[in-house]
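Undergrad: For reference, the sequence and a predicted model appear below.
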Amino acid sequence: MKPLTLSTAIEQFIASKATMRVRTREYYEYLGKTLMNAIVIAGLADRPLTSIQSSDLTTILVTIDNPTHFPGLGDSTKQKVIKSIRSMFNWFVQTGWISINPALTTRFRRVHSRPTQPF
């Protein structure tokens, strides 16, 4: 049996959200699409899920943060992708696909949103 790849695991995670409200499902689909593009660019799409390490997640985040690959991607969206990575890998542990969550030892850059301007 072929090992579960990172891209297939992400697709399964997004599919698991199919019973959620439409807006929530669309939110996960958008973030999943952004993440899928990042792992393809980073060359990690076909890597077995069990071989993904903290350094690989850092590579994904550097790719997402690169304006050449993702022009116009706002800081708040980047923060949501970071949050979805953590959530996804927690789900992978809960499903038994991996035993240790590499996102727990990954240092994520904190993205601060700009303050809302008054009227």
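TA: Alright, I've got the coordinates.
Undergrad: Only C-alpha atoms from now on, for both contacts and neighbour counts.
TA: OK.
Undergrad: Relative to Met20, how far out is Arg47?
TA: Counting by CA to CA, to the nearest Å, the separation of Arg47 from Met20 is 29 Å.
Undergrad: Val93 contacts Ile100, doesn't it?
TA: Yes - the criterion here is CA atoms under 8 Å, and Val93 meets it with Ile100 at 6.6 Å.
Undergrad: coming back round to it: neighbour count for Arg47 and Met20, which is higher?
TA: Arg47 (16 against 11; other CA atoms under 10 Å).
Undergrad: Break down the chain into its helices, ranges please.
TA: Here the chain has its helices, by DSSP state H, at 6-15, 22-41, 54-65, 75-95.
Undergrad: wait, which of the ones you listed is closest to Thr106?
TA: Nearest to Thr106, of all these, is helix 54-65, at 5.1 Å by CA to CA.
Undergrad: Run through who's touching that closest one.
TA: 35, 38-39, 41-42, 44, 69-70, 78, 82, 102-103, 105-108 (CA atoms under 8 Å, 6 or more residues apart in numbering).
Undergrad: where's Thr59 relative to Thr105, distance?
TA: From Thr59 across to Thr105, the span is 14 Å (CA to CA).
Undergrad: Which residue of the two possesses the greater neighbour count?
TA: Neighbours per residue (other CA under 10 Å) separate Thr59 from Thr105, with Thr59 holding more: 17 against 12.
Undergrad: list the contacts for Asp46?
TA: So Asp46 contacts Thr5, Leu6, Ser7 (CA under 8 Å, 6+ apart).
Undergrad: Just the closest of those to Arg86, please.
TA: Among the contacts of Asp46, Leu6 lies closest to Arg86 (CA to CA), at 13.9 Å.
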